[in-house]
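# Here is my input, please return the structure:
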Amino acid sequence: MPISELCRENLDRFPYLEPVDIDLLPNCPALLTQQEAAAVCSVSVQTISRMVASKVLPVNCDGEILKADLVSYIKTHALADIPLL
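Below is the predicted model:
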């Protein structure tokens with residue numbers, strides 16, 4: 001039986017458990033500059049600029065990045081969340 005089915009089976013045994021909303025960037029402002037986003041992601045400002053230019057990471061009209069958009073990007077692109085199999 002695949003691991004994903006075992007996990008789902010175990011979760012079905014505990015229907016009263018509700019998902020917990022965890023803030024992935026707890027001390028981060030709601031709006032970030034490209035420099036702040038680069039520091040949070042441990043990448044260069046040029047990398048963030050390329051992500052913005054290619055529309056991978058959306059910005060508002062002032063060129064600032066919403067924390068929610070950055071968290072969404074991190075969740076969908078973090079290697080820790082991608083199964084190896």
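# Residue 45 against residue 38, yeah?
Yes - using Cβ atoms under 8 Å, residue 45 is in contact with residue 38, at 4.6 Å. All C-beta atoms are positioned from the backbone trio N, CA, C, and that covers glycine.
# Compare those two (neighbour count), which wins?
residue 38 (19 against 14; other Cβ atoms under 10 Å).
# Which neighbouring elements make contact with the strand or helix carrying that one?
Secondary structure from DSSP states H and E places residue 38 in helix 34-41. Other helices and strands packing on helix 34-41, by 3 or more Cβ pairs under 8 Å, 6 or more residues apart in numbering; DSSP states H and E, are helix 45-53, helix 67-77.
# can you tell which of these is closest to residue 22?
With Cβ to Cβ as the measure, helix 67-77 is the member of the helices and strands packed on helix 34-41 nearest residue 22 (10.3 Å).
# Quick check: which of the helices and strands packed on helix 34-41 is nearest to residue 20?
helix 67-77 (14.9 Å).
# Please name every helix or strand in contact with the closest one.
strand 31-32, helix 34-41.
# Go ahead and produce PDB holding the CA coordinates of that helix.
In PDB, the C-alpha atoms belonging to helix 67-77 read as follows (Å, rounded to 0.1, in the frame of the first residue of the first chain):
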ATOM      1  CA  LYS A  67       3.400  38.200   2.200                       C
ATOM      2  CA  ALA A  68       0.600  35.900   1.100                       C
ATOM      3  CA  ASP A  69       2.000  35.700  -2.400                       C
ATOM      4  CA  LEU A  70       5.500  34.900  -1.100                       C
ATOM      5  CA  VAL A  71       4.200  32.200   1.200                       C
ATOM      6  CA  SER A  72       2.200  30.700  -1.700                       C
ATOM      7  CA  TYR A  73       5.300  30.700  -3.800                       C
ATOM      8  CA  ILE A  74       7.400  29.100  -1.000                       C
ATOM      9  CA  LYS A  75       4.700  26.400  -0.400                       C
ATOM     10  CA  THR A  76       4.600  25.400  -4.100                       C
ATOM     11  CA  HIS A  77       8.300  25.600  -4.800                       C
END
